[in-house]
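Asks: Okay, sequence plus prediction incoming.
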Amino acid sequence: MWRLNRIDLLAGRFITVEGGEGAGKTTQITALKKRLNDLGIDVVVTREPGGSPGAEAIREVILSGKAKDLGVRGEALLFAAARADHVDTIIRPALAKGQWVISDRFADSTRVYQGEGGLDDSYLDLLETVAVDGIRPDLTILIDIPAKIGLARVSKRATTVAAGGPDRFEAEDTKTHERRRQLFLNLARKEPERFAVIDGTEAADHVEKDIWSAVELNFESDLSLDNTPSTAIGGR
Ligand code: Z5A
């Protein structure tokens, strides 16, 4: 369906960051935001599930495990409902204003987590179409890390969801996490023009440099503009 507000007509840029637990997504998003801000680019950092008040309410229900009884299909519908609200109230308006949006997880996470849970591609395609409503990432950074290393990093956290401890998904076994890692890599192989796969096992500052190289490569023309705040175009 033709939409006047398709992503290619929006002024901002949309970057998603994907990967398994403890891959370093949050750490790297903070660093990437700073680098872009230093160039005068206005950046909105957000996350999934969540990112908007409605979606954050759904996040609590999902990650607490309360929705597990809905089964993988029902749970996927909740992720899609959260994403639709997030797109409508946060992502699309920010892109329309010329802001850059960095989202900690987006639709690829549903492909991987709910796909691994047993949902087939046709169901996932349908959900994605209605949830993203034409909004697709310009670049997806996949921070790749063996499940064991990521889980070891997050195991140092608290032990309850409320206190930031293992959630409904983190609590699953290492083999499940490793299968998810392979699914992420499969997605990246299918869409090499959208994905940048980054080795997440390196030290954080090394990972940061690799991510920045990918961003520079993908947004060469945007970043070569004089993006100082006084001359920023379209709010960037
Ligand atoms: N989910 C789904 O099933 N379907 C969907 O559609 C969506 C999500 C959108 C959300 O969890 C869960 O929902 C997620 C998938 C599912 N499953 N799980 N679990 P979340 O948002 O609460 O958590 P997460 O996305 O998995 O993030 P995380 O576990 O917090 O990890 P991270 O953000 O990638 O890593 P970090 O917080 O930056 O770093 C973790 C630790 O490692 C921390 O102590 C850092 O200091 C350290 N770290 C970071 N980088 C390094 C390096 N390079 N070396 C050493 N140590 C490092």
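Replies: Sure, I can see it.
Asks: in which helix or strand would I find the closest residue in space to L10 that isn't next to it in sequence?
Replies: Excluding the flanking residues, the one nearest L10 by C-beta to C-beta, 6 or more residues apart in numbering is L95, at 4.0 Å. Placement of C-beta: from N, CA and C, glycine included. With elements taken from DSSP states H and E, the one containing L95 is helix 92-96.
Asks: The residue nearest to L10 contacts D88, doesn't it?
Replies: No - counting by C-beta atoms under 8 Å, L95 sits too far from D88 to count as a contact (11.9 Å).
Asks: And those two? Which one has more around it.
Replies: Ranked by neighbour count (other C-beta atoms under 10 Å), L95 and D88 place L95 first, with 23 against 15.
Asks: give me phi/psi at the nearest residue to P137 once chain neighbours are set aside?
Replies: Closest residue to P137 in three dimensions, ignoring its sequence neighbours and counting by C-beta to C-beta, 6+ apart: T16, at 4.3 Å. With angles defined as degrees, to the nearest 10, T16 sits at phi -110, psi 150.
Asks: now do F14
Replies: Torsion angles, degrees, to the nearest 10, at F14: phi -120, psi 120.
Asks: I'd say it and I91 touch.
Replies: Yes - between F14 and I91 there is a contact at 6.9 Å, judged by C-beta under 8 Å.
Asks: Please enumerate the shared neighbours of those two.
Replies: 101, 103, 135 (C-beta atoms under 8 Å, 6 or more residues apart in numbering).
Asks: Can you list which of these are found in strands?
Replies: If you go by DSSP state E, the shared contacts of F14 and I91 have 101, 103 in strands.
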